[in-house]
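> When you get a sec, could you give me coordinates for this:
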Amino acid sequence: IVWTHKIQEKQSDIYKWWYNFWETIRIVAGAVTTSGIIAILFLDEYWIKVITAGISIITLFIDSYLKVYDLKVLSNTHKSSALDLLKLREETISVLCDIKLNKYTEETLIEKRDYISQRQMEIYINMLDCSDKAVEKASESLKEKGDSTYSEEEIDSFLPILARKNK
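The predicted structure is shown next:
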């Protein structure tokens with residue numbers, strides 16, 4: 001759950017970065033195109049017309065690209081999947097704490113396990129595929145930076161006193 005959550009987060013970040021990049025280029029290209037059109041009204045220079053037309057074509061390409069690939073929606077979809085997985089992770093942690101407290105019967109544990117497994121599959125079925133770059137970034141975050149990894153002391157500090165390993 002932790003691994004898949006991090007991959008979904010990273011894919012969301014990638015799409016958000018590209019969306020912001022293309023939006024910035026579109027704004028700059030639109031401003032330059034408008035400036036070129038205004039310049040054409042006052043100066044009848046051929047090179048201004050060529051540059052304005054070229055940048056206008058770039059703006060058209062970016063607009064078309066962003067209509068076909070709605071990067072903002074893709075980012076939000078991956079973020080939503082990441083949040084669903086985060087919720088499931090927290091539910092799983094809660095069950096693990098309750099196990100530590102001997103709260104469940106064997107039958108209840110089987111029900112909890114089945115629920116978590118079923119919910120995980122529901123989330124996975126509705127998730128969009130991720131890029132190799134997102135997997136690479138997630139791996140770096142989890143393995144090298146230690147995201148979502150805590151020492152026993154850190155884990156104990158997050159838990160209620162009764163659920164702590166070193167109580």
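
> roughly how far apart are L83 and I37?
When distance is defined by Cβ to Cβ, to the nearest Å, L83 is 44 Å away from I37. For the C-beta atoms, the positions are set from N, CA and C on the backbone; glycine is no exception.

> try H78
According to Cβ to Cβ, H78 stands 38 Å off from I37.

> for the helix or strand of the chain with the lowest mean pLDDT, the distance to its chain's centre please.
Within the chain, judged by mean pLDDT, DSSP states H and E, the helix or strand with the poorest mean is helix 152-158; its value is a mean of 71. In terms of Cα atoms, centre = their mean, to the nearest Å, the centre of helix 152-158 is found 27 Å from the chain centre.

> where are the low-confidence patches of the protein?
Low-confidence regions of the chain, defined here as pLDDT under 70, cover residues 146-151, 154, 166-167.

> biggest helix in it, by residue count?
Using DSSP state H to define each element, the chain has its longest helix at helix 2-42.

> what is the orientation angle of the next helix-or-strand element following that helix with helix 2-42?
Using DSSP states H and E, the helix or strand that directly follows helix 2-42 along the chain is helix 46-68. Angle between the axes of helix 46-68 and helix 2-42 is 150 degrees (criterion: axes from the mean of the first three to the mean of the last three Cα atoms, to 10 degrees).

> And helix 46-68, what's buried?
Taking 16 or more other Cβ atoms under 10 Å as the neighbour-count basis, helix 46-68 is seen to contain the buried residues I48, T52, I55, S56, I58, T59, I62, L66.

> Which single one of those residues is nearest to I7?
Compare each of the buried residues of helix 46-68 with I7 using Cβ to Cβ and the shortest gap goes to L66, at 24.1 Å.

> For the closest one, list the residues it contacts.
L66 makes contact with Y19, W22, E23, R26 under the criterion Cβ atoms under 8 Å, 6 or more residues apart in numbering.

> How much space separates it from S80?
For L66, the distance to S80 under the criterion Cβ to Cβ works out to 20 Å.

> The residue sitting furthest away from the middle of the chain: what's it in contact with?
The outermost residue of the chain relative to its centre, with distances by Cα atoms, centre = their mean, is D44 at 48.3 Å. D44 makes no contacts at all, as judged by Cβ under 8 Å, 6+ apart.
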